[in-house]
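**Student:** Everything below, folded, please.
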Amino acid sequence: MASVEETVASFERNIAAQTGRTVAAWVEVLRGQGLDKHGQMVAWLKAEHGLGHGYANHLAKRALEAAAPRDADDPVAHLFGDDKAALCPLYDQVIASARSLGPDVEVAPKKLNVSLRRRRQFALVQPSTRTRLDLGLNLPGVAPAGRLEASGSFNAMVSHRVKLAGPDDLDGEVLGWLRAAYDAAG
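**Tutor:** Just a heads-up that it's a prediction; the model follows:
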């Protein structure tokens, strides 16, 4: 039986596959509309984009979660101060994608980043600037190319880095690298 997290991740993959937009991209679309009530968002998504009630309801919920300030008790709240708060939906999407890889993914917040581990660390997520998340990946034996950069001075705990500025940057190529890092850590 699938866990709740696995079921939600599968549902969100279906949204992306059927609509052509990730959940994080839909959250940005909703944010641009200036709507602040769940029912308004659901109605707008159904009327303007022809989404079914289930998808519209889920997207409205995610948009409201992204707009809410992080609780001070949230172990990653300190990473997203006022100047980096806009990165929270992208961070949430990265974490959901990582958790969808398997039930053994451990999310471990640190002082400057969030470590993603299986038997050992396979990735980390860090809000490096107010407009960019860095996704560090452990990909032994993989040559850097294109967006997949050598980690360099970014972080010695990973071999590669991918810069993510928005939901469109978390595409199939990046998710493939994340999957490869997860597989290599098993």
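**Student:** rest of the way, CA atoms for contacts and neighbours
**Tutor:** Will do.
**Student:** Give me the packing partners of the host helix or strand of Leu90, helices and strands only.
**Tutor:** Using DSSP states H and E, Leu90 sits within helix 88-99. Helices and strands touching helix 88-99, by 3 or more C-alpha pairs under 8 Å, 6 or more residues apart in numbering; DSSP states H and E, are helix 4-19, helix 23-33.
**Student:** Which helix or strand lies directly C-terminal to the last one?
**Tutor:** Right, the one you point to is helix 23-33. Taking DSSP H and E, what comes next after helix 23-33 is helix 38-49.
**Student:** Just the CA coordinates for that following helix, please, in CSV.
**Tutor:** Presented in CSV, the C-alpha positions along helix 38-49 are these (Å, rounded to 0.1, in the frame of the first residue of the first chain):
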residue,chain,number,x,y,z
HIS,A,38,-9.7,28.7,-1.6
GLY,A,39,-13.1,28.7,-3.2
GLN,A,40,-12.1,31.6,-5.5
MET,A,41,-9.0,29.7,-6.7
VAL,A,42,-11.0,26.5,-7.3
ALA,A,43,-13.6,28.4,-9.3
TRP,A,44,-11.1,30.3,-11.3
LEU,A,45,-9.0,27.2,-12.2
LYS,A,46,-12.2,25.3,-13.3
ALA,A,47,-13.6,28.2,-15.3
GLU,A,48,-10.4,29.6,-16.9
HIS,A,49,-8.4,26.3,-17.3
